[in-house]
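Engineer: output the structure for:
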Amino acid sequence: QVHLVESGGGSVQAGGSLTLHCLASGISISTYAMAWFRQTQGKEREFVAAIVRGGSLKRYGDSVQGRFTITRDNAKNTGSLQMNSLKPEDTAVYYCALSDGAWTDFITTERVYDIWGQGTQVTVST
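Structural biologist: Got it, this is the predicted structure:
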């Protein structure tokens, strides 16, 4: 069975940092692009960041550009999202996802992602 498990979420004050992790099992992530999305209640999932299979290309959502960094370690079958300078509006459930599609502009859209984790809650307080 294929599983993605996110970890590292929690509560932090504004201006703080958190690092989320995504561990894959039952699959080798090396042939997939990896992304992070987030969702708050009542809203659609928002693209946060994506990284190409080999890690050489990255894409960030406008709201996190310059504050978040996505990385991956294919040998360990894991990915990470380093989040700095957190703001209350970053509060959401964060999801890790994998896509076996090509690296195109659609990499920011959730419909190209086939495999999803269950999410981890991040809460940023003032």
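
Engineer: from here on, just use CA atoms for contacts and neighbour counts.
Structural biologist: Will do.

Engineer: is the residue most central in space within the chain in a bridge, and if so with what?
Structural biologist: With distances taken as CA atoms, centre = their mean, Trp36 lies nearest the centre of the chain, 1.9 Å away. Beta-bridge partners recorded for Trp36 (DSSP bridges): Ala49, Cys96.

Engineer: that one contacts Lys58, correct?
Structural biologist: No: between Trp36 and Lys58 there is no contact, the gap being 11.4 Å when judged by CA atoms under 8 Å.

Engineer: so what sits against both of these two?
Structural biologist: 49-50 (CA atoms under 8 Å, 6 or more residues apart in numbering).

Engineer: which residues touch Ser85?
Structural biologist: Here Ser85 is in contact with 14-17, 67 (CA under 8 Å, 6+ apart).

Engineer: now those residues in a markdown table, with pLDDT and neighbour count?
Structural biologist: Listed next are those as a markdown table, based on pLDDT from 0 to 100; neighbours: other CA atoms under 10 Å:
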| residue | pLDDT | neighbour count |
| --- | --- | --- |
| Ala14 | 98 | 17 |
| Gly15 | 98 | 14 |
| Gly16 | 98 | 14 |
| Ser17 | 98 | 17 |
| Arg67 | 98 | 13 |
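
Engineer: just give me the closest of those to Gly117.
Structural biologist: Ser17 (21.6 Å; CA to CA).

Engineer: could you measure from the closest one over to Val112?
Structural biologist: Going from Ser17 to Val112 by CA to CA, to the nearest Å gives 29 Å.

Engineer: same deal with Gln41?
Structural biologist: 22 Å.

Engineer: more neighbours, the two?
Structural biologist: Between Gln41 and Val112, counting by other CA atoms under 10 Å, Val112 is the more crowded of the two (16 against 8).
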